[in-house]
Each structure stands twice: as structure tokens, then as C-alpha cells.
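Asker: Below is the sequence, then the predicted model.
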Amino acid sequence: MIRLLTISLLATLANFVSAQVNYQQQYTNAKTLYKEGKYNLAMESFKPLVAYDKNNPFPEYASFYYAVSAYHQGYKSVARDMFNQIRQLYPAWDQLDEVNFWLAKIHFDNKEYFQAMNQLAAIKSQKLQKDVQAIKKSGLTSLTDVSALTRMHQEYPKDAVVGEKLARELSKSIDTKEEKELLDKLITTFKLKKSDFVDETPPTVHKNIYSVSVLFPFQVNTLEPNLSRKRNQYVLDLYEGIKLAVDTLSKQGVKISLRAYDTDRNPAKIKSLLEREELKTTDLIIGPLFQEENKIVQDFSKAHRINLFNPVSNNFDLVRDNPYGFLFQPSLETLGVQSAKFLAAYQVSNKKCMVFFGDTKRDSVLAMSFVNTALETNLKVIQVERFTKESSARILKILATPTEFDEFKYPKQFTLPKDSLGCIFVASDDPVIYSKVISSVTTRGDKVTILGSESWLDQTTDYEKLNSLGVVMFASNFTAFDNQAYSAFQKKFIKVHGRVTSTIPYTDYVKTGYDFMLFAGNMLKEHGVYFQDALNRKEIKGYLTEGYNFQFSRDNQHVPFIRFKDGELVSVTPH
């Protein structure tokens, strides 16, 4: 009996030892496949070891390597589920920091930045900190949204990687005083090298005579020697205004050496022009005016640290990557922001707003900028619609489809009830679009504020409707009729040229050139070659227009709003 018991006990021990050897052997084989990069086979080999068994000492490790193998195979959801299972089943496992690290990696891959940061924050091991910083840097590379990074910095105020990333994105485009102050604070807090984030303006230089170089597509070789309007008349008008202002400045004691260069809308010619030594030492560049001319001149401006102004464009992309590049006009983004703020204050009672825009990139940028700002105000954006010329008839259906008529067969109620809408922002210069909005609101006969662009004044002759409906327009180029400086400017131009400054109903490029050059000339006189620090300090009163605001921006933040009153255009301020 004793002999039988002994034999049985020995057999049981042998089986136990055999099982132990089998688990060990299977784990060793699976680990070898993993190290050889045979992740598919490794997953199959680790899989039997994942399940709990009192004789299996490897379920945590098998689960971990199974998940990592799945990740390398591209099965990220499988890997994530297994890592989460490890955390749930083995909360006391001493390798949980590795699990959190891999979960963070998966979240970063999925652009789930905040979840990834939460996983990394749970890692306590000092041995992993170098890897944590590395994965954080690479994982945040694709996050460029300043608002998201700002929230992340608020959540992790001592995190140097987050702080540096936020500083990097802020430095690309500082739009407000608050952003400038935040960038300065980040540079100080995390001991960043300021020159890596801020292209520090050289000390300003005062001169007796300032050289100003105009790079315009004059296309001299194509101009006919007669008095008729030229194809590029607005370019010539801009330059005539600049020249007239230089004469005015000279009489005021501001000496400008004006140099004109014909870009001919030819990048090869521009490249040749920019090789001239006198351009490399010029104090200010005006232009270029067209997209195809832009990059090479912007790069030149940046490389040689020469301030550059585009006097007519609203496209901030033209100067975005050049810290020495400025728009004299408000950018499309600024027009959208200021329009939303204006309407939020102008609409006293009914805050419901619609946004209509066309199918151009310009319209989309303007509309989205308006919408994003409107959502931060008390405006209620109830509809945002994009139209092409072909689909523009829908505007009438949206706004002026009648449901009831009076005894004279005139509409008295609509599918969009009267007085249910407060305002419409029309982010388009296309007459097909904005004229349908105006016609629809005229048909409705209720109080709906339309906000559009001053450029409409050059494209329509129906000023009576603009007047009767109280249409408001953003108008950075507005000049009041009783502006004495404007009257003197007109008289001077007529005396010199024997003609009026413009045949366009509203837009006057001679005036724009004149106004810009007075602005630039006086800034050079008072603050020297690098006058941007002075621009940051305060708003500047205008000469022919209302004024300029370049505080912590590189486009004009001052946006007047106008409307007709008793047949005359006047500036409008919110109630």
C-alpha cells in the first residue's frame, strides 16, 4: 500500500514538474519569436499563456508581449484592449508603467492627445522618464491647435515638452497681446532660447533719408502711350498715390528716396531684381501684389530683415511665414472676427444669425472666422450655407418662400417666419449671392440686418436698397466726405494730373497708395527703420482713413463699419 502511494505521489510530482517545464518552454519559445520580430507567430505562442492557471507563472508577461506584438502587427485596438485588461486584472503588477507607456503610444497614434498625456502622467518609474519625454515630443508633433495646447498647458503647467510645443505654435502667428504675453512667460518659465521662438527685431535705425522700394507689376512694355485706362490701372494708381504722398512728406520734412521696380509678374525677373545691392539695403519694401510673385520676395524680406507691406491684400497667407511682412489692410480672419463682434453688439434684441458664403477659399476663410468668433459671443448662428452661382437660387427659398398672402397677393408670411431672424453675414463679393440676399430681405419686409463688404459699392448701382435696408459693410478703406485731408488730397492730385483719382464708384487706389505712404513715412520718421515695436504700443490715427491698429499683429486690426444714412455713407458704431 505504501509502495502504491509512493508511486502515485512520484507520478503527480512528475506531472507538476512537466507542466512547469512546458509553461517555461512555451514562454521561452514565444519570447524568441518576439525578439526575432515574428510578431504574428509570437501572438499565437503567447495566447495560451494569457489565461490564468495556478501553475502558469507568466500570464501578466504573456499578456503584455501579446499586446506589443499585436501593436507591431497593426492591430492597435487589440493591443489597447489587452493592455487595459492587464491593468484591470493585475493592478499590483510591478510593470504597469510599461503598460501605461504603450497605451499612451496608442493614444498618440490615434491623435487622442489628452488621453495619452493622462497615461504618461501615471508613470512613476524614473528609468522610463527619458522614453516618456521622447514619446511626448514625437506624439505632440502633429498637434498644432493653439487653443488645445493652451488647455493642455493649463492642465500640465510644469511640463516642459508641452510648454515648448505651445511656445513653438504661438510663435508662428501671434494675434493678440495675451498670446504675446503667454509666449514671453513660456520662454522665461522653461528657459527657452528666445531667438528660437521670436525673430527679435534689430535695434531701430534713424536716417536723414529713408529708401523705399516699390515692387509692382507695372508691365511697362505692354502699356500704350495714350490717356486711356490701362489694364493694370489700379497698379499705376497705387503708385501715383505713393508718389504724391512722398511729395507731401518731403514738404513736412520727411525725406524718402522712392525706387520703383517692375516685377512684370515674372518670378525670374524678380529673382534678378533682388540680386541688386540697393535692394538688399533698402529700408522698406512695398509689394508684391500677386501670389506668383510673393514667396521669393517674402523670403528676401525675411533673410535681409527688411520690413515689407502689401498695401491692398486681405490674404494673411501672403505674409504669414515672414515676421517682417505686414498687411496694410485687415486680413480675412480679422474681418470675420470684427464683423462677429460688431453684430453681437449691434443686434440688441434678436441674436439669431445666418451666414451665407460663396465657393471661393476667400469666402470660406471669412465665413469660418466669423462663425468661430460668433460662437464665443451671444450671437446664435442658426444656419451656415455655402452657395455657388448655380445653387444661389436656394437663398430665395430659404429666406423668402411665402406661406401666406395679403389681399393684394403680397407675401405676408414665410417658411422662415418674419422677425424670427436678426442678421445675415454675407461672406462673399459675388453679386449673384449678395443681391439675392438683399432681394429676399426686401421681399420679407422685416428688420434683418445684412452685413457685407465695402466692395459691394463698386458692383451695384442700387444704392437705394442698401440705404432703405440699412445694409452695413465692413470698410477698412472708408473716408468720410467731410475729411479735410481727403479734400486737400483730391485737389492736389487734380492739380498735378488734371483728372480725378478714380473712375470706380467707391474704391480709390490712388487714395490707398497715398494713405499708406503717409502712414509708412511718418512711422519711419518717428521710429526709424524698425518701427514694429511702436506699432505694438498703440493704435494710430489715420490720415485719409479712420486709423490703423497693428498691436501684436501683422495686419490692420482696425475695421470701420459703414452704412447709408440719408443717402450718405457714414461710420456706424454698435448701439
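Answerer: Received, thanks.
Asker: can we go C-alpha only for contacts and neighbour counts from here?
Answerer: Fine.
Asker: where are the low-confidence patches of the stretch 1-150 of the chain?
Answerer: 1-21 (pLDDT under 70).
Asker: residue ranges for the strands of the stretch 201-350 of the chain, please.
Answerer: Assigned by DSSP state E, counting those that start in this stretch, the stretch 201-350 of the chain shows strands spanning 209-216, 255-262, 284-286, 308-310, 325-327.
Asker: Quick one: closest of the ones you listed to residue 36.
Answerer: With respect to residue 36, and counting by Cα to Cα, the nearest of the strands of the stretch 201-350 of the chain is strand 325-327 at 54.5 Å.
Asker: tell me which strands and helices that closest one is in contact with?
Answerer: Helices and strands touching strand 325-327, by 3 or more Cα pairs under 8 Å, 6 or more residues apart in numbering; DSSP states H and E, are helix 291-304, strand 308-310.
Asker: Contacts for it next, please.
Answerer: By Cα atoms under 8 Å, 6 or more residues apart in numbering, the residues outside strand 325-327 that reach it are 298, 301-302, 307-314, 316, 319, 554-556.
Asker: The same query, at a cut-off of 6 Å, please.
Answerer: 308-310, 319, 554-555 (Cα atoms under 6 Å, 6 or more residues apart in numbering).
Asker: Looking at those residues, which is nearest residue 333?
Answerer: Nearest to residue 333, judged by Cα to Cα, of these is residue 555 at 9.8 Å.
Asker: what stretches of the protein score poorly on pLDDT?
Answerer: Within the chain, the stretches with pLDDT under 70 are 1-21, 175, 223-230, 575.
Asker: what residue is smack in the middle of it?
Answerer: In the chain, the residue lying closest to the centroid (Cα atoms, centre = their mean) is residue 333, at 7.2 Å.
Asker: So that one is in contact with residue 370, correct?
Answerer: No - applying Cα atoms under 6 Å, one finds residue 333 not in contact with residue 370, separated by 7.8 Å.
Asker: Start and end of stretch 125-133, how far apart?
Answerer: Length of stretch 125-133, first residue to last, Cα to Cα, to the nearest Å: 13 Å.
Asker: I'd like the numbering to begin with 18 instead of 1 from here.
Answerer: Sure, I'll start counting at 18 from here, so that last one is stretch 142-150.
Asker: For it, which residues meet the burial criterion?
Answerer: Judged by neighbour count using 16 or more other Cα atoms under 10 Å, the buried positions of stretch 142-150 are residue 149.
Asker: Then stretch 150-157?
Answerer: By neighbour count on 16+ other Cα under 10 Å, the buried set for stretch 150-157 is 152-153, 156-157.
Asker: Among these, which pair sits farthest apart?
Answerer: Taking Cα to Cα, no two of the buried residues of stretch 150-157 sit farther apart than 152 and 157, at 8.4 Å.
Asker: Please report how far residue 75 lies from residue 68.
Answerer: From residue 75 to residue 68 the distance is 9 Å (Cα to Cα).
Asker: more crowded one of these two?
Answerer: residue 75 (18 against 13; other Cα atoms under 10 Å).
Asker: For the more buried one, which non-adjacent residue is closest in space?
Answerer: Nearest residue to residue 75 in three dimensions, chain neighbours excluded: residue 66, at 6.5 Å (Cα to Cα, 6 or more residues apart in numbering).
Asker: again, but for residue 435
Answerer: residue 463 (6.0 Å).
Asker: Next, that neighbour: secondary structure please.
Answerer: coil (DSSP: H, G, I helix; E, B strand; the rest coil).
Asker: Repeat that for the one 4 residues further on.
Answerer: Remark: residue 467 carries the secondary structure label strand [criterion: three-state DSSP].
Asker: if I read this right, it contacts residue 441, doesn't it?
Answerer: Yes - at 4.9 Å, residue 467 counts as touching residue 441 under the criterion of Cα under 6 Å.
Asker: The helices and strands packed on strand 342-344: which one's closest to residue 590?
Answerer: It is, among these and with distance given as Cα to Cα, strand 325-327, at 27.7 Å.
Asker: Now do that closest one: which elements does it pack against?
Answerer: Here strand 325-327 touches strand 301-303, strand 342-344, going by 3 or more Cα pairs under 6 Å, 6 or more residues apart in numbering; DSSP states H and E.
Asker: Mind listing the strands the first one pairs with, and their directions?
Answerer: Looking back up the chat, that one is strand 301-303. Sheet pairing for strand 301-303, assigned by DSSP bridges, gives strand 226-233 (parallel), strand 325-327 (parallel).
Asker: Pick the most deeply packed of the ones you listed.
Answerer: strand 325-327 (a mean of 26; mean count of other Cα atoms under 10 Å).
Asker: ok, residues contacting it?
Answerer: Here strand 325-327 makes contact (Cα under 6 Å, 6+ apart) with 301-304, 342-344.
Asker: how about 7 Å then?
Answerer: The list of residues contacting strand 325-327 from outside it, by Cα atoms under 7 Å, 6 or more residues apart in numbering, reads 301-306, 318, 341-345.
Asker: what does stretch 181-194 give?
Answerer: Residues from elsewhere that reach stretch 181-194, judged by Cα under 7 Å, 6+ apart: 161, 163, 166-167, 197, 200, 203, 214-215, 569-570.
Asker: Can you tell me which of the contacts of strand 342-344 is nearest residue 410?
Answerer: The closest of the contacts of strand 342-344, once distances to residue 410 are taken by Cα to Cα, is residue 572, at 35.4 Å.
Asker: Could you report the distance from the closest one to residue 553?
Answerer: Relative to residue 553, residue 572 is positioned 12 Å away (Cα to Cα).
Asker: Over to residue 324?
Answerer: Separation of residue 324 from residue 553 (Cα to Cα): 15 Å.
Asker: between the two, who's got more neighbours?
Answerer: residue 324 (22 against 15).
Asker: Got the domain ranges for this protein?
Answerer: In terms of domains, the chain is parsed into 37-213, 221-347+501-514+524-568, 349-491 (source: automatic domain parsing).
Asker: Save those as JSON lines, and put in distance to residue 588 too.
Answerer: Converted to JSON lines, those look like this (distance: least, Cα to Cα, whole Å):
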{"stretch": "domain 37-213", "distance to residue 588": "25"}
{"stretch": "domain 221-347+501-514+524-568", "distance to residue 588": "9"}
{"stretch": "domain 349-491", "distance to residue 588": "9"}
